[in-house]
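**Student:** got a predicted structure plus its sequence, pasted below:
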Amino acid sequence: MTNLRIKDIDFGAKEISVLRKGGKIDTVSITPSSLEDLNSYLTVRKKIYKASDGDNEYLFIKNYRGNPEPLSNRAVEDIVYKYTKSFDKRMSPHKLRHTYATNLAE
């Protein structure tokens, strides 16, 4: 997820191309509500983080000394731990993703 770039998102087809282990590329569908959230995030990303919206730019970024930089895997782990802890269910990003996929499949 931290390597996701803007060019990996196909807004017309409502899909994201994801590079998996072994160099395999999978295509994942985006729900309409997620697409709306993504568009809102891109607006905030440009305004708050002063980030370029070029195709090769990383999607998820942080400000580091006033410059936009991609989020690290560790930063994503910290964010997920922080917000899942408030529900008395501290989870890793992998566990959160697995739980979401299981609930979606059901």
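**Tutor:** Nice, I can see it. Here the structure is a predicted model, which means the values were calculated and not measured.
**Student:** who touches the longest helix belonging to the chain?
**Tutor:** In the chain, with assignment by DSSP state H, the single longest helix is helix 32-49. The contact list for helix 32-49 (Cβ atoms under 8 Å, 6 or more residues apart in numbering) reads 6, 9, 11, 14, 30, 51, 53, 59, 61-63, 68. Heads up, the C-betas are built off the backbone N, CA and C, glycines and all.
**Student:** which pLDDT value belongs to residue 63?
**Tutor:** Looking at residue 63, its pLDDT is 89.
**Student:** let me know how buried residue 28 is, in neighbour terms.
**Tutor:** When neighbours are counted by other Cβ atoms under 10 Å, residue 28 registers 10.
**Student:** now do the contacts for it.
**Tutor:** Going by Cβ under 8 Å, 6+ apart, residue 28 touches 15-18.
**Student:** just the buried ones from the residues you listed?
**Tutor:** 15-16 (16 or more other Cβ atoms under 10 Å).
**Student:** just the ones of the contacts of residue 28 in strands?
**Tutor:** 15-18 (DSSP state E).
**Student:** show me where this protein has its helices.
**Tutor:** So, for the chain - with DSSP H - the helices run 32-49, 73-85, 93-105.
**Student:** indicate which one of the ones you listed is closest to residue 24.
**Tutor:** helix 93-105 (17.1 Å; Cβ to Cβ).
**Student:** let me know the average pLDDT across that closest one.
**Tutor:** For helix 93-105, the per-residue pLDDT averages 85.
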